[in-house]
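> following is a predicted model, sequence given first.
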Amino acid sequence: GDGNKQETNGKRETSPVKGSAPPFASSVSSPSKKKRIYFDADGMDDGIRDSARDSNHYSTHDSTNSPHKARRKAHKKVDIEQRNRMLEIRKQLPIWTGREALIDAVHNNDIIVVLGETGSGKTTQLPQFLLESGIGSGRKIAVTQPRRVAAVSLAHRVSQETGTQLGSLVGYSVRFDDMSWKGTRLKYMTDGMLMRELLSDELLSQYGVIVIDEAHERTLRTDLIIGTLKSIMRRRHSAALPPLKVVVMSATLDADKFARFYNAPVLYVKGRQHPVRIFNAREDIQDYVDGALKTIFQIHQTQPLPGDILVFLPGQEEINTLGASISLIADGAPLKHDISILRLYASLSPAQQQKVFVNAPANTRKIILATNVAETSITIAGVRHVIDSGLARERKYYSSHGGIGVDTLFVKPISKSSAMQRAGRAGRESAGTCYRLYTERTFLSLPPTTPPEIERTNLNFAILQLKAVSEETFRNFEWLDEPSEEAMQQAHMNLFGLGAVNERGEITEVGKKLAGMPLDPGIARMLLAAQTRECVGTLLSLCALLAVDSPIYTATSASQEQEEQQHTRDRFASRHGDHISLLHIWDAYMDVVQSGSTGDVKEWCVANKLSERTLRRARDIRSQLSHQCLKMGMDVSVNAHTQDDETILQCVLEGMFHNVAIRQGDGTYRQIVNQGLVKIHPTSCLLQRKAPCIMYSELTLTTATYARTVSAIHPAWLRAVAFYNQRGSM
Ligand code: CDP
Ligand code: MG
């Protein structure tokens, strides 16, 4: 019933479809006319050299010295049939007519900017063109992506297109998952991974070409790479290394910024956009999950097949809620055709991600529920209808009130440019429709583009990372958009608090260690603290758990499920709060893992309402982190709780000293750094505890600012931590 409606924890009740009239008014948008067009998709058969077939590049690629025997074997077994079949599809892509022009442009310029509509073949084809043309003097080609899902799925696709096994010629590298080896020539990777590689290879000497993809998204890490590459190219020249070629790719029209920054030419790829009819909601739909649900079934019951539906939602939680509601209705109601529900968001495993690309069986409509990863990074064939919630989950850093500030996750309206990209996904193969769950007036009030991440994140990571590469890299760094002096100072203060830089702002040994770990500096700091307090083993588990989503399933609409989840939370709850509770779950899980069979583990997870996938992923991350720590000379052998809960929490606090709030007389909590008010999230086991002082891993902003993953701490620990960290040593 409605009494259960909980806006507060980000979950919404959804109700079955009612026979109401569609809440939409219609308007037609025709494909936009581009001003300057370089290539054209028409007449594309002229003069294309079929070099993928001519060249024996793939079979002669030398891997005889590889220690990776399995990969070497696989590498030889080129699937020529598949490759040729896919070549026919590749040749239909708009970018194929521009093949020679693109290769020439990269030959003749150190940097080029390539602009093209989503789906024109930039990401999958251009790197292959360069590989086949021999550009880059035999060195690797890197293609950066803002999102791991995209990096993984694109590498999959391109390895199929080349007829080689994933991880051999074509591979990927994302945090906690490396599918490449030294012989990999084409490497799809997150922008963050390329940043990390700078730490051990300052001039990126193993690369001949860096392709910066999705540059329009302006993620912090993409900006960091763009700013660093300029001086790397210069310095490679003086170090007598072969030149580094750079290709910046963007799906939107704002390429001038990159072209000016690098003084580089812009090349245009024309896409094949069919008209998309846009329906705006007559009034803004507050319960967008419910709105999407109704719209899905309206489309499904009235529109013919084929024609898959792509729904844009802010995040995983909404995707799962909507998915559950769709199944519920589909089970109970007679439908015209079958449906197949697919999900696409960041934390899916590679195998699950690949499912969205499989064509639906006959008489079945695919309904793809996705985050904004499907906006420009990933194109799914067969989509004819788009439903746009108009929202995206975004991380924002509040540095107001002169305090240190914390990262906050919240759901936010998208930009006009994003809304147009989303609508465009419906017109890839034929005319399509886009249903916006907001009014035209709301659309018109949206900001033209999403501001770059640099303007809404803290600079802790950026500054630490640049300084860890080298002081020279930091000094030479040029920002695409200069951050404010205030933000820079604040980052220095934070880093000083973590002991990562000294009074003069120079990086310390601690700072170098923090930068070397594939973790947020604060989380990495916890591990260092654990080393001194001899509980690295336990903190490794905790850090791995903090790096994944909560292993406790989030409730969907059914109140019975909510109750069951509460049982799970109660069963593992600690009086200290959620961090220790997470460790309780971990210990119980590992007991089953070590004593039981795979089936037992599955059964145990189901019985306890825990996500086995999430826990398995945490285990994976833990082993990689552990490996990293071992390499840094830390003793990771300490296994279980060698320390009491309070000591463990003190380690956590050292990395999160700025995420602390004190309980007020009226029961609310006030942050110590910027005096903002926070509430304890309803899923926290500290909700009823009235702890005088809390620390938390994350803030979410919904109807109020909620602290998630909360633990009670002793106020006296705070002074010790401040003193301890500011000595800047271990
Ligand atoms: O980068 P851009 O948006 O220009 O295009 P792309 O990602 O290279 O995609 C080119 C084509 O490959 C699209 O039509 C996709 O449908 C197809 N593709 C696919 O079928 N499966 C994938 N995993 C990736 C791409
Ligand atoms: Mg792309």
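Looks like it came in fine. Ligands and ions are numbered 1, 2, ... in the order given.

> drop to CA atoms for contacts and neighbour counts, all remaining ones
Will do.

> now the nearest residue to residue 130 once chain neighbours are set aside, what are its backbone angles?
The shortest distance from residue 130 to any non-neighbouring residue, by C-alpha to C-alpha, 6 or more residues apart in numbering, is to residue 103 (6.4 Å). Dihedral angles of residue 103 (phi, psi; degrees, to the nearest 10) stand at phi -60, psi -40.

> close enough to count as contact, residue 103 and residue 132?
No - between residue 103 and residue 132 there is no contact under C-alpha atoms under 8 Å: 9.7 Å.

> these two: who's more crowded?
residue 103 (19 against 16; other C-alpha atoms under 10 Å).

> residue contacts, that one?
Contacts for residue 103 (C-alpha atoms under 8 Å, 6 or more residues apart in numbering) come out as 129-130, 133.

> which of these has the most neighbours?
Within those, most neighbours by other C-alpha under 10 Å means residue 130, with 21 neighbours.

> so what secondary structure elements neighbour whichever strand or helix holds it?
Assigned by DSSP states H and E, residue 130 belongs to helix 122-133. In terms of contacts (3 or more C-alpha pairs under 8 Å, 6 or more residues apart in numbering; DSSP states H and E), helix 122-133 is packed against helix 99-108, strand 140-145, helix 148-162, strand 186-190.

> can I get it as PDB, trimmed to CA atoms?
Only the C-alpha atoms of helix 122-133 are listed here, as PDB (Å, rounded to 0.1, in the frame of the first residue of the first chain):
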ATOM      1  CA  LYS A 122      34.300   5.400 -34.500                       C
ATOM      2  CA  THR A 123      35.100   3.300 -31.500                       C
ATOM      3  CA  THR A 124      35.100  -0.100 -33.200                       C
ATOM      4  CA  GLN A 125      36.500   0.800 -36.600                       C
ATOM      5  CA  LEU A 126      39.000   3.600 -36.300                       C
ATOM      6  CA  PRO A 127      41.400   1.800 -34.000                       C
ATOM      7  CA  GLN A 128      41.300  -1.200 -36.400                       C
ATOM      8  CA  PHE A 129      42.100   1.100 -39.400                       C
ATOM      9  CA  LEU A 130      45.100   2.400 -37.500                       C
ATOM     10  CA  LEU A 131      46.300  -1.000 -36.500                       C
ATOM     11  CA  GLU A 132      46.000  -2.300 -40.100                       C
ATOM     12  CA  SER A 133      47.800   0.700 -41.500                       C
END
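
> so what touches that helix?
Contacts of helix 122-133 with the rest of the structure, by C-alpha under 8 Å, 6+ apart, involve 51-52, 55, 57, 90, 95-96, 99, 102-103, 116, 141, 143, 154, 157-158, 185-186, 211, 213, 249.

> buried ones among those?
By neighbour count, with 16 or more other C-alpha atoms under 10 Å, the contacts of helix 122-133 hold 52, 90, 95-96, 99, 102-103, 116, 141, 143, 154, 157-158, 185-186, 211, 213, 249 as buried.

> touching, residue 145 and residue 187? I think so.
No - Residue 145 lies out of contact with residue 187 (C-alpha under 8 Å); the separation is 10.6 Å.

> give the contact list for the one residue in the stretch 301-450 of the chain that gets nearest to ligand 2.
Residue of the stretch 301-450 of the chain nearest ligand 2, by C-alpha to the ion: residue 377 (4.9 Å). Residue 377 is in contact with 118, 150, 214, counting by C-alpha under 8 Å, 6+ apart.

> and what of residue 419?
388, 390.

> that one sits in which helix or strand?
Per DSSP H and E: helix 416-424 holds residue 419.

> now the following helix or strand past that helix: mean pLDDT?
Scanning forward in sequence from helix 416-424 by DSSP H and E, the next helix or strand is strand 432-436. Average pLDDT, strand 432-436: 97.

> neighbouring strands - and their directions - for strand 432-436?
Strand 432-436 pairs in its sheet with strand 276-281 (parallel), strand 383-388 (parallel), by DSSP bridges.

> contacts for it?
Counting contacts by C-alpha under 8 Å, 6+ apart, the residues touching strand 432-436 from outside are 24, 274-281, 295, 384-390, 423, 426-427.

> buried ones in the helix or strand following that strand?
Later in the chain than strand 432-436, the nearest helix or strand by DSSP H and E is helix 440-445. By 16+ other C-alpha under 10 Å, the buried positions in helix 440-445 come out as 440, 442-443.

> so how far is ligand 1 from the residue nearest the centre of the chain?
For the chain, the residue nearest the mean C-alpha position is residue 147 (3.9 Å; C-alpha atoms, centre = their mean). Look at residue 147 and ligand 1: by C-alpha to the nearest ligand atom, to the nearest Å, they are 13 Å apart.

> same question for residue 328.
The gap separating residue 328 from ligand 1 is 29 Å, by C-alpha to the nearest ligand atom.

> for that residue, what are phi and psi?
phi -60, psi -50.

> and for it, the neighbour number?
Neighbours around residue 328, by other C-alpha under 10 Å: 12.

> over to the one 3 residues further on?
As a burial measure, residue 331 scores 10 neighbours (other C-alpha under 10 Å).

> do residue 233 as well
Counted with other C-alpha under 10 Å, the neighbours of residue 233 add up to 21.

> got the contact list for it?
By C-alpha under 8 Å, 6+ apart, the residues touching residue 233 are 203, 243-244.

> considering these, which possesses the most neighbours?
residue 244 (25 neighbours).

> distance of it relative to ligand 2?
22 Å (C-alpha to the ion, to the nearest Å).

> please apply the same query to residue 259.
19 Å.

> is it true that that residue touches residue 250?
No - shown here, residue 259 and residue 250 do not form a contact pair, counting by C-alpha under 8 Å, at 11.2 Å.

> name the residue in these two with the higher neighbour count.
residue 250 (26 against 17).

> who does that one bridge with?
In beta-bridge terms (that is, DSSP bridges), residue 250 pairs with residue 115.

> quick one: contacts for it?
With contacts defined as C-alpha under 8 Å, 6+ apart, the neighbours of residue 250 are 113-116, 213-216.

> looking at the residues you listed, which is nearest ligand 1?
Within these, the smallest distance to ligand 1 is 6.1 Å, found for residue 116 (C-alpha to the nearest ligand atom).

> alright, calling it a day.
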